[in-house]
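Chemist: heads up, no residue letters with this:
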């Protein structure tokens, strides 16, 4: 997330990304303040305006782009509406852009919304003979302690005394 912010800051201010100091807390505060000032003074020709409680909402879940009225575009607004339209459709409820936006065009429904899951995958049927069987390590499936380190094993089984992990696991198996 810090990388995404620094890239956005460098792009906005025209500074080189390599000249920024991400490990300096004072510098980061300065970058953030400059970024906020620059964002608030930029003219935005977007037809939408986020409600105050939604400033900072991610464009996509887990995405690097967080929306504010300064960086909001019609495209971003339509993507956000698209995301919420899908959710409300699944709940069988009616969506209103007033939920997210304090300002929006009257003809917002005429926009071209894409489905949130716009991944086109062509799946062809596969026969069972084409599927390779998965190899399972039966010992590991039966013994989940195999993944633990020796100190973790000692903590889990304080009464068992052993020098190596192998000896320890053999004694656990004998229980």
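Modeler: Received the coordinates, thanks. These figures come from a predicted structure and were not determined experimentally.
Chemist: Quick one: residues contacting residue 102.
Modeler: By C-beta atoms under 8 Å, 6 or more residues apart in numbering, the contact list for residue 102 reads 49, 50, 51, 52. Heads up, the C-betas are built off the backbone N, CA and C, glycines and all.
Chemist: Please pick the buried ones from these.
Modeler: 49, 50 (16 or more other C-beta atoms under 10 Å).
Chemist: So which of the contacts of residue 102 sit within helices?
Modeler: Residues of those located in helices (DSSP state H): none.
Chemist: export the contacts of residue 102 to JSON lines and tack on distance to residue 162 and pLDDT?
Modeler: Converted to JSON lines, these look like this (distance: C-beta to C-beta, whole Å; pLDDT from 0 to 100):
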{"residue": "49", "distance to residue 162": "66", "pLDDT": "90"}
{"residue": "50", "distance to residue 162": "60", "pLDDT": "89"}
{"residue": "51", "distance to residue 162": "62", "pLDDT": "89"}
{"residue": "52", "distance to residue 162": "61", "pLDDT": "86"}
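Chemist: out of the contacts of residue 102, which are inside strands?
Modeler: 49, 50 (DSSP state E).
Chemist: Could you measure from residue 23 over to residue 17?
Modeler: Using C-beta to C-beta, to the nearest Å, we find residue 23 at a distance of 14 Å from residue 17.
Chemist: For the closest residue to residue 17 other than its chain neighbours, give me its contacts.
Modeler: Spatial nearest neighbour of residue 17, excluding adjacent residues (C-beta to C-beta, 6 or more residues apart in numbering): residue 10 at 4.4 Å. Residues near residue 10 by C-beta under 8 Å, 6+ apart: 16, 17, 20.
Chemist: How many residues are close by residue 2?
Modeler: 9 (other C-beta atoms under 10 Å).
Chemist: Just give the closest residue to residue 49, not the sequence neighbours.
Modeler: Using C-beta to C-beta, 6+ apart, the nearest residue to residue 49 is residue 103, at 3.8 Å.
Chemist: Does the one you found touch residue 48 like I think?
Modeler: Yes: using C-beta atoms under 8 Å, residue 103 is in contact with residue 48, at 6.3 Å.
Chemist: Many thanks, I have nothing further to ask.
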